[in-house]
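**Q** Pasting the sequence and the predicted coordinates here, then a few questions.
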Amino acid sequence: MLHVNSISKTYHSKPALNDISLTVQHGESIGIIGESGSGKSTLGKIILGLDKPDQGEVHFRGNNLHTLNGKALKKLRRQLQIVFQDSAGSLNPKLPVWKSVVEPLENYPDVIPSFLKEVRHNRKKMAEVLFQKVGLSPELLERYPHQLSGGQKQRIAVARGITLEPDLLVCDEPTSSLDVSVQAQVLNLLKKLQKDLNLSFLFISHDIAAVQFMCERIVVLKEGLAVDSFLTEDLFSQSRHPYTKLLVEMSMEQENKIEENQHFYT
Amino acid sequence: MIENKTTATSENNLLVVENLSVTVRNSREKLIRNLHFSIPQGEIFGLVGESGSGKSLTATVILGMLSKSLEVTSGSVKLGQSEITSLSERELRNIRGKEIAYLSQNYQSFFTPFIKVGKQFIEIIRCHTDMSRKEARKVAIHWLNKVHLPAERVFNSFSDELSGGQLQRAAIASAIMFRPKLIIADEPTTALDVLTGERILDLLSELKEELNCSILLISHDLKHIINRTRTVGVMYGGRIVEIGKTSAVLANPIHPYTDLLLQSRLRLNKHIQHELPTMLGEPGLIAEEGCPFSKRCPSVRESCSNKVPMSSLGTHHSAACHLVKAEREERYVTR
């Protein structure tokens, strides 16, 4: 469905991405992992068509995303949605949140997602259905973003992301600014939605554990290069790139220490 | 409570917080309730809790920087011999930066963007001492080397020319120049990625050994605290609900909040999970009466709406929960 064909991008003569290729099949979830400055957000932007690559191209459902414009691009964009890390910044502070959630539908009057068919004549009802999908109480419909907690805002952002029933949802660090207890809730929600709606995911994160939980395949970025790419079940395999191994090791080390402690005391 | 009292009276404690409560002025809204903990000389104490638990507010009180709209209604904060809560602004200024250093999550705004980092170092040094510019420069370079930065280059850079990790290191260098007795590190690694963050924590532990100072390490994520601290306090709704030796708390978390916090942390698994264990509700849900966690707690019972005192479980571990009693009985039986 999505083919990224050896794209490169340079900012201020510093290479941000170097010859990256990847494909996402329908209903598949791909994780992009890397440290800050590894180019993972740049890759996300290019895939969304928010930025142009210097070289290479992105094909989405058979169309080159960066040569399209006007109506054709708009039509394609419906299938490409995003959830950002900063949910506060992605919601209009002066709109009650239910309006933000159904706003994408106003840009695409012809689109009626399958799960909204029965309530298609009533915008507010649509918002209610979407709220329910992301586990929010209908009491929150009339609230403004500042009256909601971080977790609730992120759920709203997710609801907005699925409003148009897209094929591909790009999530750029969707949980890294949330509290630990809320992080798990939102990840569970995303995983459930992915299954229910048969979405494809491009999940961008620096947290290897989150990516392992969410994705079927993982691409590791380091300084703009894709150093490793593999199926999630092969994460612990000996043939992983040394950098991937390092990331795994760091994460396991913490775990092992906890377990050691627990054995010591019991 | 018992364990706390014994450590609170021992001689080598650098920081002693006793029965501290903070409220919003002219209202009854309590933000911190009867906080009790102490940090011995040369140790790292961890404070864990989610948004709104009052952990950063605790740091503000220790720094004597409480906002005018809030007030300390009871208790005391002692650093060595000085009682922080009763010092004048002038006396506080001598302590801040010199005896207590503060590191925040927001390293981006630590340095002014339009002045070179080195110049800002010199300014800080000359604020606290009467060194000449030349001497101050030497000192700055010395400490920049100490935090493993290319000292000359960083000294001559603007803050936007440095990476996040480098900026946090430079901030640490400027914080430790006067060999503080206490470093408060408020989420020092949250905005950094995993590898860089780990290296920053390594650096802090290394500096702690060298300067023999104490560190108050604040984080919302138990993962960051676990391997670095000797003792840990878990905060919820302005109260410490569990406190003790880190290893003891990890091995046997009593308070359901601690337990759930540990369970819901993200971790790598050999077998892929289908659903992550979660906690009910959101961090803002705080019960006014009794145990602050009772509205989200899976083991809640009627007595939780009354005052729940801290009770100890062995010498190095206590929690404010009715489950302590059950745990004690169980231990008695198994013995």
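**A** The structure has been received and is ready for your questions.
**Q** Could you use CA atoms for every contact and neighbour count after this?
**A** Fine.
**Q** so who does residue A:218 touch?
**A** In this structure, residue A:218 makes contact with A:30, A:31, A:32, A:33, A:211, A:212, A:229, A:230, A:231, A:232, judged by C-alpha atoms under 8 Å, 6 or more residues apart in numbering or on different chains.
**Q** Same question for residue B:211.
**A** Here residue B:211 is in contact with residue B:179 (C-alpha under 8 Å, 6+ apart).
**Q** repeat for the one 4 residues further on
**A** By C-alpha under 8 Å, 6+ apart, the contact set of residue B:215 is B:42, B:43, B:44, B:45, B:182, B:183, B:184, B:185, B:208.
**Q** and the gap between it and residue B:100?
**A** To residue B:100, residue B:215 is 10 Å away according to C-alpha to C-alpha, to the nearest Å.
**Q** Spell out which residues are contacts of both of these two.
**A** With contacts taken as C-alpha under 8 Å, 6+ apart, residue B:215 and residue B:100 have B:182, B:183, B:184 as neighbours in common.
**Q** Looking at neighbours, which among those is most surrounded?
**A** residue B:182 (29 neighbours; other C-alpha atoms under 10 Å in any protein chain shown).
**Q** How are the helices of the chain distributed by residue range?
**A** Using chain A here. A:40-48, A:70-77, A:87-90, A:97-107, A:123-133, A:150-162, A:180-197, A:208-214, A:242-265 (DSSP state H).
**Q** try again with chain B
**A** B:2-9, B:55-62, B:89-95, B:117-128, B:133-146, B:151-155, B:164-176, B:194-211, B:222-226, B:246-251, B:256-263, B:323-334.
**Q** Mean pLDDT lowest where, among those helices?
**A** For the helices of chain B, mean pLDDT drops lowest on helix B:2-9, to a mean of 44.
**Q** Please identify the buried residues of stretch B:312-331?
**A** B:312, B:313, B:316, B:317, B:318, B:319, B:320, B:321, B:322, B:323, B:324 (16 or more other C-alpha atoms under 10 Å in any protein chain shown).
**Q** got the CA positions of it in CSV?
**A** Extracted C-alpha coordinates of stretch B:312-331, given in CSV (Å, rounded to 0.1, in the frame of the first residue of the first chain):
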residue,chain,number,x,y,z
SER,B,312,6.2,-0.2,58.7
LEU,B,313,7.0,-3.5,57.3
GLY,B,314,10.5,-4.3,58.5
THR,B,315,13.1,-1.7,59.2
HIS,B,316,13.5,-0.3,55.7
HIS,B,317,10.1,-0.3,54.3
SER,B,318,6.8,1.3,55.1
ALA,B,319,3.5,2.1,53.3
ALA,B,320,0.3,3.9,54.1
CYS,B,321,-2.2,1.1,53.3
HIS,B,322,-4.3,-1.4,55.0
LEU,B,323,-2.5,-4.1,53.1
VAL,B,324,0.5,-3.7,55.3
LYS,B,325,-1.3,-5.3,58.1
ALA,B,326,-2.4,-8.3,55.9
GLU,B,327,1.2,-8.6,54.7
ARG,B,328,2.5,-8.7,58.2
GLU,B,329,0.1,-11.3,59.3
GLU,B,330,0.9,-13.4,56.3
ARG,B,331,4.6,-13.2,57.1
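**Q** Let me see the backbone angles for the nearest residue to residue B:60 once chain neighbours are set aside.
**A** With C-alpha to C-alpha, 6 or more residues apart in numbering or on different chains as the criterion, residue B:60 has its nearest non-adjacent residue at 5.5 Å, and that residue is residue B:66. With angles defined as degrees, to the nearest 10, residue B:66 sits at phi -60, psi 140.
**Q** how many other residues sit next to residue B:66?
**A** For residue B:66, using other C-alpha under 10 Å, the count is 17.
**Q** From residue B:72, how far out is it?
**A** 9 Å.
**Q** what's near enough to touch the residue of the stretch 101-250 of chain A found nearest chain B?
**A** Distances between the stretch 101-250 of chain A and chain B by C-alpha to the nearest C-alpha are smallest at residue A:209, namely 4.8 Å. Counting by C-alpha under 8 Å, 6+ apart, residue A:209 touches A:251, B:266, B:267, B:268, B:269.
**Q** Mind giving me the PyMOL select for those residues, buried ones only?
**A** Buried subset of the contacts of residue A:209, written as a PyMOL selection, criterion 16+ other C-alpha under 10 Å:
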select buried, (chain A and resi 251) or (chain B and resi 266+267+268)
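**Q** Switch the contacts of residue A:209 over to TSV; also include pLDDT.
**A** Formatted as TSV, these follow (pLDDT from 0 to 100):
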residue	pLDDT
A:251	83
B:266	82
B:267	83
B:268	84
B:269	80
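**Q** and which of the contacts of residue A:209 is nearest to residue A:199?
**A** Comparing those against residue A:199 with C-alpha to C-alpha places residue B:266 closest, at 23.0 Å.
**Q** Check the gap between the closest one and chain A for me.
**A** Note on residue B:266: its distance to chain A, by C-alpha to the nearest C-alpha, to the nearest Å, is 6 Å.
**Q** Could you do residue B:274 as well?
**A** 8 Å.
**Q** thinking again about what came up before, buried members of the contacts of residue A:218 into ChimeraX, please.
**A** To isolate in ChimeraX the members of those that are buried, counting by 16+ other C-alpha under 10 Å, one can use:
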select /A:30,31,32,33,211,212,229,232
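**Q** List the residues that contact the most centrally placed residue in chain A.
**A** By C-alpha atoms, centre = their mean, chain A has its centre lying nearest to residue A:171, at 1.3 Å. Residue A:171 sits next to A:82, A:83, A:84, A:85, A:201, A:202, A:203, A:204 when contact means C-alpha under 8 Å, 6+ apart.
**Q** would you turn these into CSV with pLDDT and neighbour count?
**A** Below are the contacts of residue A:171 laid out as CSV (pLDDT from 0 to 100; neighbours: other C-alpha atoms under 10 Å in any protein chain shown):
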residue, pLDDT, neighbour count
A:82, 91, 22
A:83, 91, 24
A:84, 87, 19
A:85, 84, 20
A:201, 92, 27
A:202, 93, 24
A:203, 94, 24
A:204, 93, 26
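**Q** Columns distance to residue A:97 on top of those residues, output as TSV?
**A** Below are the contacts of residue A:171 laid out as TSV (distance: C-alpha to C-alpha, whole Å):
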residue	distance to residue A:97
A:82	17
A:83	15
A:84	16
A:85	17
A:201	24
A:202	25
A:203	24
A:204	25
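**Q** what's around the closest residue to chain A within the stretch 51-200 of chain B, how many residues?
**A** Nearest residue of the stretch 51-200 of chain B to chain A: residue B:193, at 5.6 Å (C-alpha to the nearest C-alpha). If you count neighbours by other C-alpha under 10 Å, residue B:193 ends up with 18.
**Q** Okay then, goodbye and thanks.
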